[in-house]
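Asks: give me a model of this one.
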Amino acid sequence: MYMKQQVLCVLFGLFFSLSACADRKEVITFAQLPQAAQDAISQNFNAANISYVTKESGWSNEFEVRFTDGVEIEFDGDGALKKVDCKANAVPEALIPAEVLSYVKMTFPNAFIKEWGQDDGGYKAELNNGLDLKFDKSYRFQRIDD
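Replies: Okay, the predicted model is just below:
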C-alpha cells in the first residue's frame with residue numbers, strides 16, 4: 001500500500017511539474033516572429049503600432065501580437081494566422097478567405113467582420129452587428145450563433 005502511494009505521488013508530481021512549465025509566455029521582438037506572421041502584419045497593419053509580442057513556448061508554441069489600439073492577433077508556431085480581433089474595426093479583407101468575405105458581403109451588406117479565426121474544428125467570423133457566423137474547414141457557412 002505504501003509503495004503505491006509513493007508511486008502515485010511521484011507520478012502526480014511529475015505531471016504537475018511538466019504542466020507548470022508546459023506553456024510559458026515570453027516577450028519577444030517583431031523580428032523573432034516567423035516570417036509568415038511578419039508578412040501578414042506588415043501587409044495589413046502598421047508594425048510601428050505594436051505594443052508587444054509574446055511567444056508561448058511549450059506544447060503550443062504560439063505567438064500573440066497586441067497593438068496599441070487593442071487589436072490582437074494570434075499565430076501558430078509556423079506563423080499561420082489563428083485569430084485576429086480588431087475590436088470595433090474591420091479585419092483587413094486580405095486576412096479573410098474570399099468565400100467567407102463574399103458570403104458576409106452578400107448576406108449582411110451593412111455589416112463587417114471585426115473578428116476572424118479558428119474555432120472548434122472550423123472558423124468563426126464575428127460581425128459588428130453582434131452575430132457570430134460559423135464556417136467549416138472549407139469555409140462553407142454552417143450556422144449563426146448570436
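Asks: so which elements touch the strand ranked longest in the chain?
Replies: For the chain, the strand that runs over the most residues, judged by DSSP state E, is strand 50-58. Judged by 3 or more C-beta pairs under 8 Å, 6 or more residues apart in numbering; DSSP states H and E, strand 50-58 is in contact with strand 23-28, strand 62-67. (C-beta placed from N, C-alpha, C; glycine too.)
Asks: pretty sure Val100 belongs to a strand, no?
Replies: No - read with DSSP: H, G, I helix; E, B strand; the rest coil, Val100 is helix and lies in no strand.
Asks: so who does the closest residue to it other than its chain neighbours touch?
Replies: Of all residues not flanking Val100 in the chain, Tyr139 sits nearest, at 5.2 Å (C-beta to C-beta, 6 or more residues apart in numbering). Tyr139 makes contact with 97, 99-100, 123, according to C-beta atoms under 8 Å, 6 or more residues apart in numbering.
Asks: repeat that for Gly121.
Replies: Here Gly121 is in contact with Lys137 (criterion: C-beta under 8 Å, 6+ apart).
Asks: okay, it: pLDDT?
Replies: Note on Gly121: pLDDT of 90.
Asks: try Asp145
Replies: pLDDT at Asp145 comes out at 86.
Asks: setting aside sequence neighbours, what's the nearest residue to Lys137?
Replies: Gly122 (5.7 Å).
Asks: okay, and the beta partners of the one you found?
Replies: Asp119 (DSSP bridges).
Asks: list the residues that contact it.
Replies: 134-137, 142.
Asks: need the buried ones from the residues you listed selected in ChimeraX.
Replies: Burial among the contacts of Gly122 is assessed by 16 or more other C-beta atoms under 10 Å; the matching ChimeraX selection reads:
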select :135
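Asks: and the longest strand of the chain, what's buried?
Replies: Buried residues in strand 50-58 (16+ other C-beta under 10 Å): 50, 53-57.
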